[in-house]
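Colleague: what follows is a protein structure lacking sequence information:
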């Protein structure tokens, strides 16, 4: 059965009881009208109340045995009292309100996360093991420490290993958050789950697949979700004091009057339908409003937790930054201009399949250069590319590759790259022309998001990154974030998020990579940015932003806050009216049936007010369209306004 089918089946089972209540209610009313003897109609109502009400009462009793004292205790007492006093119509109305509210809440909850299943499905299944001169495919679980494996271009590294032979650029962003591909040669250690780029690698297994980094991430997601603090729902928090007050009024009414009918009337009019209905109705409205803004909130609990957040934790790569290598600057050699170096390099890179070729082409086009068509292009896999551009021989590649093509010893590099900088060298007609540096860039709107969250009451912002500490510091400084930590693996991110949550903070975690999935699961609210796919991270998160727009994160928080504000207003209005009705019922002015009808009128008022939550989030959208300044991208040869 598919997940959608399972969800439909759950909704159908939940909606069955309120549908039966409606059938019994109309059947009893029809018999009372059609027959002169009203007993048959009353018996139909009583049978309906027994069939539908006793399971509800039994479920509540079982919850009480396990220490769960929630909103439905008063409803249970009203149902049982209606059966004992043979006031079935009032009892049926109570059952309808109770089970109808539960059906609405199930609808609001949405579907459960399938994060662990998605992680396991994407794990590598086959490894290529050397057996003598041959390479034989084996299940990953059969690989042992010390085995030599072949990792082909485009394949996932099957276990933690060390490179024995070959050289390639390896994408580790899924595991460590490092945005730029790592140049891996002999001796380099690789983590399972990394993606091999352009060259074949011979590696030696350092750990079993089940003990490697990717498997640890799977287990972290599983345990993080299980250790998340349970949510005390808004309705239950109000029920803690409203239920004892109701029972006290019932006791006083019984002592003063000795009339059990008054007690039933008090219970019926006090049945906390505002508690049962207000929150799910408001949550459905909030979820629908968020969906209209391309923000998918998976559960009603996630939307409730958006209210009262105190700390925002961000991943860096792909979340606050673009997450892909971009050209950061051109360093021309003596006798060359940066615009010339970029244009010629981009010309030959048009026919290269290397992962760093596309950023060069994109940067040249953004700068407005018309790119010439290269000829006689030859590419050395994983090393570089050479071709003829406008009659000149242009080479782009690694330092070793370009140096081998230069006429004589290369001149001293005019600006030595900083440690950790990813670069490509450019030679033109055998002369060193310059260097192209790559870097990750802060996303447009990231600084606005940090300020918006502060305006929504989230005063503390923390950056947690698997990237180098210096890169994390640079991004944090650019965005005005004071707290930052780099070089973190998935387990360390989870530990820091858990420490915040266990310390009494309400934690929002925003990320987009596989290595973020455990922390997203452990946070009070996890938001995944899935504008470029999302995958596992989206499955692990409570909320998924489908568009590549950081401002939607602040919109989600505002929608949650507005939704719960509307729900609280509805609850207070409803409980105040119910309290007033309890006073009149205890004095004998309201019968059980009239009390039930009054409660229905209160429910209508509560529902109408709760529906205002569907307009939540408009304020953020209006602010965003009014204010955000244009972003300017500086590239060699000009600027581009975004």
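Modeller: Noted; the coordinates are in hand. Values in this document were obtained by computation on a predicted structure and should not be read as measured data. Residues are numbered from 1 along each chain as shown.
Colleague: what distance separates the longest strand along the chain from the centre of its chain?
Modeller: Taking DSSP state E as the criterion, the chain has its longest strand at strand 431-439. Remark: strand 431-439 is offset 39 Å from the chain centroid, using Cα atoms, centre = their mean, to the nearest Å.
Colleague: mind listing what that strand pairs with, with the direction of each?
Modeller: The strands beside strand 431-439 in its sheet (DSSP bridges) come out as strand 326-332 (antiparallel), strand 422-428 (antiparallel).
Colleague: contact partners of the helix or strand that that strand is followed by?
Modeller: Along the chain past strand 431-439, the next helix or strand (assigned with DSSP states H and E) turns out to be helix 446-455. With contact meaning Cβ atoms under 8 Å, 6 or more residues apart in numbering, helix 446-455 is reached by 312, 320-321, 461, 478-481, 508, 550-551, 553-554, 557, 620, 627-628. For every residue, glycine as well, the C-beta is placed using N, CA and C.
Colleague: now a PyMOL select for only the buried ones of these.
Modeller: The buried subset of the contacts of helix 446-455, as determined by 16 or more other Cβ atoms under 10 Å, is captured in PyMOL by this line:
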select buried, resi 312+320+321+461+479+481+508+550+551+553+554+557+620
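Colleague: among the contacts of helix 446-455, which are in strands?
Modeller: Per DSSP E, the contacts of helix 446-455 map to strands at 312, 461, 508.
Colleague: next, format those as CSV and append distance to residue 589 and pLDDT.
Modeller: Output for the ones in strands among the contacts of helix 446-455, formatted as CSV (distance: Cβ to Cβ, whole Å; pLDDT from 0 to 100):
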residue, distance to residue 589, pLDDT
312, 52, 96
461, 56, 95
508, 49, 95
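Colleague: what is the nearest of those residues to residue 249?
Modeller: The closest of those to residue 249 turns out to be residue 508 (Cβ to Cβ; 40.9 Å).
Colleague: my guess is that closest one meets residue 307, correct?
Modeller: No. Between residue 508 and residue 307 there is no contact under Cβ atoms under 8 Å: 11.3 Å.
Colleague: ok, the residue nearest to residue 462 when sequence neighbours are not counted - contacts?
Modeller: Among residues not flanking residue 462 along the chain, residue 483 sits closest, at 4.4 Å (Cβ to Cβ, 6 or more residues apart in numbering). By Cβ under 8 Å, 6+ apart, residue 483 lies in contact with 460, 461, 462, 463, 476.
Colleague: go on, residue 99?
Modeller: Residue 99 neighbours (Cβ under 8 Å, 6+ apart): 14, 17, 18, 21, 52, 56.
Colleague: want to throw these into a markdown table with neighbour count, pLDDT and secondary structure?
Modeller: Compiled in a markdown table, the contacts of residue 99 are given as follows (neighbours: other Cβ atoms under 10 Å; pLDDT from 0 to 100; DSSP: H, G, I helix; E, B strand; the rest coil):
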| residue | neighbour count | pLDDT | secondary structure |
| --- | --- | --- | --- |
| 14 | 17 | 70 | helix |
| 17 | 21 | 84 | helix |
| 18 | 20 | 85 | helix |
| 21 | 26 | 87 | helix |
| 52 | 25 | 89 | helix |
| 56 | 20 | 84 | helix |
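Colleague: from the residues you listed, pick the one nearest residue 350.
Modeller: Comparing these against residue 350 with Cβ to Cβ places residue 14 closest, at 58.0 Å.
Colleague: what about the residue nearest to residue 270 when sequence neighbours are not counted, which helix or strand?
Modeller: Leaving out its chain neighbours, the residue that sits closest to residue 270 by Cβ to Cβ, 6+ apart is residue 246, at 4.3 Å. Residue 246 belongs to helix 234-257 when assigned by DSSP H and E.
Colleague: thinking again about what came up before, from the contacts of residue 99, which single one is nearest residue 144?
Modeller: Distance to residue 144 across these (Cβ to Cβ) is lowest for residue 14, with 50.1 Å.
Colleague: what about the helices in the stretch 101-250 of the chain?
Modeller: Secondary structure of the stretch 101-250 of the chain (DSSP state H, counting those that start in this stretch): helices at 115-122, 173-176, 213-227, 234-257.
Colleague: per-residue pLDDT, the residue nearest to residue 270?
Modeller: As predicted, residue 246 sits at a pLDDT of 86.
Colleague: neighbours around it, how many?
Modeller: 24 (other Cβ atoms under 10 Å).
Colleague: also residue 132?
Modeller: That count, for residue 132 with other Cβ under 10 Å as the rule, works out to 6.
Colleague: for the one 3 residues further on, same thing?
Modeller: For residue 135, the number of neighbouring residues by other Cβ under 10 Å comes to 14.
Colleague: tell me the mean pLDDT for the longest helix along the chain?
Modeller: Of all segments of type helix in the chain, defined using DSSP state H, the longest is helix 551-586. For helix 551-586, the mean per-residue pLDDT is 87.
Colleague: so it versus helix 234-257, what angle?
Modeller: 10 degrees (axes from the mean of the first three to the mean of the last three Cα atoms, to 10 degrees).
Colleague: how does the protein divide into domains?
Modeller: 118-225, 296-322+443-556, 326-439 (automatic domain parsing).
Colleague: need those in CSV (columns: distance to residue 574).
Modeller: Output for the domains of the chain, formatted as CSV (distance: least, Cβ to Cβ, whole Å):
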stretch, distance to residue 574
domain 118-225, 34
domain 296-322+443-556, 18
domain 326-439, 54
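Colleague: list just the one of the ones you listed that sits closest to residue 37.
Modeller: domain 296-322+443-556 (46.1 Å).
Colleague: one step back: going by distance to residue 405, which of the ones in strands among the contacts of helix 446-455 wins?
Modeller: In terms of Cβ to Cβ, no member of those lies closer to residue 405 than residue 461, at 47.8 Å.
Colleague: the closest one: what's it in contact with?
Modeller: Each residue near residue 461 by Cβ under 8 Å, 6+ apart is listed here: 311, 312, 313, 314, 450, 453, 454, 481, 482, 483.
Colleague: ok, residue 77 next?
Modeller: Contacts for residue 77 (Cβ under 8 Å, 6+ apart) come out as 247, 250, 267.
Colleague: which ones are touching the second one?
Modeller: The contact partners of residue 250, by Cβ under 8 Å, 6+ apart, come to 77, 263, 266, 267, 586.
Colleague: so the third one makes contact with residue 247?
Modeller: No. At 9.4 Å, residue 266 does not count as touching residue 247 under the criterion of Cβ under 8 Å.
Colleague: more crowded one of the two?
Modeller: residue 266 (32 against 16).
Colleague: what about the stretch 101-250 of the chain, any weak spots by pLDDT?
Modeller: By pLDDT under 70, the low-scoring segments of the stretch 101-250 of the chain are 101-102, 104-122, 174-180, 216-236.
Colleague: try 80 this time
Modeller: Across the stretch 101-250 of the chain, residues meeting the criterion (pLDDT under 80) sit at 101-124, 172-181, 183, 198, 211-242.
Colleague: in it, which spans are strands?
Modeller: Using DSSP state E, counting those that start in this stretch, the strands of the stretch 101-250 of the chain run over residues 126-131, 134-139, 148-151, 161-165, 168-171, 182-184, 189-190, 195-196, 201-205.
Colleague: once you drop chain neighbours, what's closest to residue 256?
Modeller: residue 586 (7.9 Å).
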